[in-house]
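>>> Got a sequence here, can you build the structure:
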Amino acid sequence: MTEAEEIRARILEKAEAFFLTHGYSRVTMDDIATELRMSKKTLYRHFSSKEELGEAAIAASFARIGEELARMLDDERLDFGERLQGFVRVLAGRYGRSATVLRDLQRDAPALWQRLLELRRESMQARFGRLFTEGVKAGAVRADVEPRLVIRMMLTLVDQLLRPDVLEELGMTAEQVFPRMLGVILDGVRTGREPA
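Reported below is the predicted structural model:
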């Protein structure tokens, strides 16, 4: 890793931590530069604006979540049910820890909120699609159900339910909604049998 890449990684790490703790709108480039003990000039050399830094932090966060989900999905010791539970735990837990910044992005940074939604859709489609397909192969999910339909249903529900404004209206957390949402969909498609 080059020195510039190391500096960029440090900036991203600190920015993401600050955004998660304080929300996006409350954090300034000055705050991040001060915390990193670097000049604003150095910070702006790596990220030309707070929006660019915010988008990079969102992308880095999704990349880490994707890696965590991939490791879990690749773990051959886990059956479909265990992978599904891990999937829910990872996503709902991450969403729960991000509630402050998500609410902030939805309210105050619509362009970043839209980018986050795009990345979330891509990740859900790829990861849940793989999980569902493997469930069919393992005999844990009915083979007569069209995977693209179930994936589209999941994407629609995630888009419509896992939003700060909707969670607030429901009086529920992502940790409460996500497994229930999955249960409603998957209890209709699971066979109830797992290979021995």
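
>>> Who are the contact partners of I11?
32, 36, 43, 46-47, 53 (CB atoms under 8 Å, 6 or more residues apart in numbering). In this view, the C-beta of every residue, glycine as well, is placed from N, C-alpha and C.

>>> got a list of what W113 touches?
Shown in contact with W113 (CB under 8 Å, 6+ apart): 105-106.

>>> now swap in A9 and tell me
By CB under 8 Å, 6+ apart, the neighbours of A9 are M1.

>>> buried stuff in the helix or strand that contains it?
Assignment of secondary structure by DSSP states H and E places A9 within helix 3-22. For helix 3-22, a neighbour-count test (16 or more other CB atoms under 10 Å) marks 7-8, 11-12, 14-16, 18-20 as buried.

>>> How far does it sit from its chain's centre?
Distance, stretch centre to chain centre, for helix 3-22: 18 Å (CA atoms, centre = their mean, to the nearest Å).

>>> what's the average pLDDT for whatever helix or strand comes next after that helix?
Toward the C-terminus, helix 3-22 is succeeded by helix 29-36 as the next helix or strand (DSSP H and E). The average pLDDT within helix 29-36 is 94.

>>> tell me the angle of helix 29-36 relative to helix 3-22?
Relative orientation of helix 29-36 and helix 3-22, computed by axes from the mean of the first three to the mean of the last three CA atoms, to 10 degrees: 110 degrees.

>>> by contact count, what packs against helix 29-36?
Contacting helix 29-36 under the criterion 3 or more CB pairs under 8 Å, 6 or more residues apart in numbering; DSSP states H and E are the following elements: helix 3-22, helix 40-46, helix 50-74.

>>> Now do the contacts for E55.
Neighbouring residues of E55 by CB under 8 Å, 6+ apart: 112, 115.

>>> Local confidence estimate at it?
95.

>>> and it, how far is that from D79?
37 Å (CB to CB, to the nearest Å).

>>> before we move on, back to that, so can I have JSON lines of the helices and strands packed on helix 29-36 showing distance to R121?
As requested, those are arranged in JSON lines below (distance: least, CB to CB, whole Å):
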{"stretch": "helix 3-22", "distance to R121": "21"}
{"stretch": "helix 40-46", "distance to R121": "28"}
{"stretch": "helix 50-74", "distance to R121": "11"}
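
>>> in this protein, what spans have low per-residue confidence?
When residues are selected by pLDDT under 70, those of the chain lie in 188-196.
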